[in-house]
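*Asks:* no sequence for this one, just the structure:
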């Protein structure tokens, strides 16, 4: 693992996009999403629980996701989040904004 860490300031505003990306693959529970974010970033970024759960609530409020009770891999009851494909355009719009920001930053830095 690198000694460098991505600061939350760098990724502020992209929490919802990260959540939707992972939910587009499968329904997941909160801890699983946080763990995948850390794994896929190679340990360079860890999503704080409060930030992630605020993202869940925002996405739920606009109809992009919904929750249900399910069983996790240990057989215990857990809240799972389901990405309601086609219900909202948050992921597509956010991904487009991210691609645009990367192009602009590449020219500036």
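*Replies:* That came through fine. On a predicted model such as this, the values are computed, not experimentally measured, just so you know.

*Asks:* Sticking with the closest residue to residue 77 other than its chain neighbours, tell me its helix or strand.
*Replies:* Spatial nearest neighbour of residue 77, excluding adjacent residues (Cβ to Cβ, 6 or more residues apart in numbering): residue 69 at 5.7 Å. Any C-beta I mention is one placed from the backbone N, CA and C, and that applies to glycine too. If you go by DSSP states H and E, residue 69 is part of strand 65-71.

*Asks:* Residues contacting that strand, please?
*Replies:* 19-20, 23, 27, 29, 56, 59-60, 77-84 (Cβ atoms under 8 Å, 6 or more residues apart in numbering).

*Asks:* In PyMOL, select just the buried ones from the residues you listed.
*Replies:* Buried residues within these, by 16 or more other Cβ atoms under 10 Å, are selected in PyMOL with:
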select buried, resi 19+20+23+27+29+56+59+78+80+81+83
